[in-house]
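Colleague: With the sequence up front, the predicted model follows.
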Amino acid sequence: MLQTCIFPAAGYGTRFLPATKTLPKEMLPILNKPLIHYGVDEALEAGMDNMGFVTGRGKRALEDYFDISYELEHQISGTKKEYLLNDIRSLIDRCTFTFTRQNQMKGLGDAILKSKPLVGDEAFGVILADDLCVNEEGFNVMSQMVKIYEKYRCTIVAVMEVPKDQVSNYGIVTGNNVEDNLVMVNSMIEKPDINEAPSNLAIIGRYILTPDIFGILENTKAGKNGEIQLTDALLTQALSGMVLAYKFQGKRFDCGSVDGFVEATNFFYKKSLC
Ligand code: G1P
């Protein structure tokens with residue numbers, strides 16, 4: 001039912017400099033697969049096959065990754081390494097990939113607004129590929145959220161509890177329980193100081209957004225760090241309608257940080273040995 005997933009991918013990835021000077025952070029690999037590939041796999045598994053990317057200068061590698069490399073295909077064809085391309089070939093066959101650019105770094109809210117022409121008037125998923133999520137026991141995180149969307153038909157954000165001293169890295173939400181693991185949001189703040197954080201329930205990079213978010217974003221003024229914050233637009237949406245925060249099942253790695261990246265690498269390496 002939800003067809004489109006948007007991947008904001010214009011950020012500089014400064015925590016990974018100098019590697020990200022020329023390499024998009026979304027192309028950093030966990031084992032042999034770039035982060036963005038894991039994100040697209042997750043969206044496809046959740047039933048979405050229209051992948052939209054909001055990129056920026058220096059991100060051409062993303063477009064090339066989701067296209068056929070004839071030279072490479074020719075070189076590898078008939079050799080015993082050919083199977084290494086199976087995964088990416090299958091993604092290319094099964095999905096449509098569309099790209100647009102965010103030409104100024106004006107925040108996640110602005111990036112989502114730029115994706116409007118790729119989305120149309122439908123609800124859509126959003127995956128921040130540097131938040132790598134896994135759930136070994138059942139549905140992946142986006143699939144879990146699609147199930148909730150099917151029931152409530154409103155915007156849903158994925159959340160997890162974080163240690164109090166980390167709240168200033170996240171959008172933080174509070175609200176009232178609707179069901180187990182599901183909170184109706186009544187307050188939301190982007191990257192608060194420890195002492196002004198209303199809770200330790202942090203948004204992680206998975207969203208399902210209803211299309212009225214675009215109109216709200218058009219009228220959202222710059223917030224934290226002078227950027228147009230998706231969190232501010234979501235608060236407006238929560239106060240005028242309904243936004244649910246979902247405590248997802250599974251594990252999340254912050255692959256935008258070196259520690260999280262190494263943790264994810266170790267996790268997937270151990271998994272590959274089983
Ligand atoms: C963005 C959002 C923030 C959210 C975070 C999750 O921040 O603005 O609300 O908690 O992603 O990773 P960023 O990490 O891009 O600064």
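Modeller: All right, it came through fine. Numbers count the residues shown, from 1 in each chain.
Colleague: Specify the beta-bridge partners of the residue in the stretch 51-200 of the chain that the ligand sits nearest to.
Modeller: Closest contact between the stretch 51-200 of the chain and the ligand, by CB to the nearest ligand atom, is at Gly171 (2.6 Å). For glycine as for every other residue, the C-beta is placed from the backbone atoms N, C-alpha and C. Following DSSP bridges, Gly171 is listed with bridge partners Glu190.
Colleague: ok, it touching Thr231?
Modeller: Yes. If you go by CB atoms under 8 Å, Gly171 and Thr231 touch, sitting 3.8 Å apart.
Colleague: Residues that sit against both of the two, list them.
Modeller: Contact criterion CB atoms under 8 Å, 6 or more residues apart in numbering; residues shared by Gly171 and Thr231: 188-190, 203.
Colleague: in stretch 188-196, what counts as buried?
Modeller: Across stretch 188-196, burial judged by 16 or more other CB atoms under 10 Å covers 188-192.
Colleague: do the same with stretch 109-120
Modeller: 109-116, 118-119.
Colleague: end to end, how far does that stretch reach?
Modeller: Taking CA to CA, to the nearest Å as the measure, stretch 109-120 stretches 17 Å from start to finish.
Colleague: phi, psi of the residue in the chain sticking out farthest from the centre?
Modeller: Distance to the chain centre peaks in the chain at Gly78, reaching 35.9 Å (criterion: CA atoms, centre = their mean). Phi and psi for Gly78, reported as degrees, to the nearest 10, are phi 80, psi 0.
Colleague: give me the low-pLDDT residue ranges for the stretch 151-274 of the chain?
Modeller: Within the stretch 151-274 of the chain, not a single segment meets pLDDT under 70.
Colleague: What parts of it come near the ligand?
Modeller: Within the stretch 151-274 of the chain, the positions adjacent to the ligand are 170-171, 190, 202-205, 230-231 by CB under 6 Å from any ligand atom.
Colleague: Scan the residues you listed and report the most crowded one.
Modeller: Highest neighbour count within these: Leu230, with 29 neighbours (other CB atoms under 10 Å).
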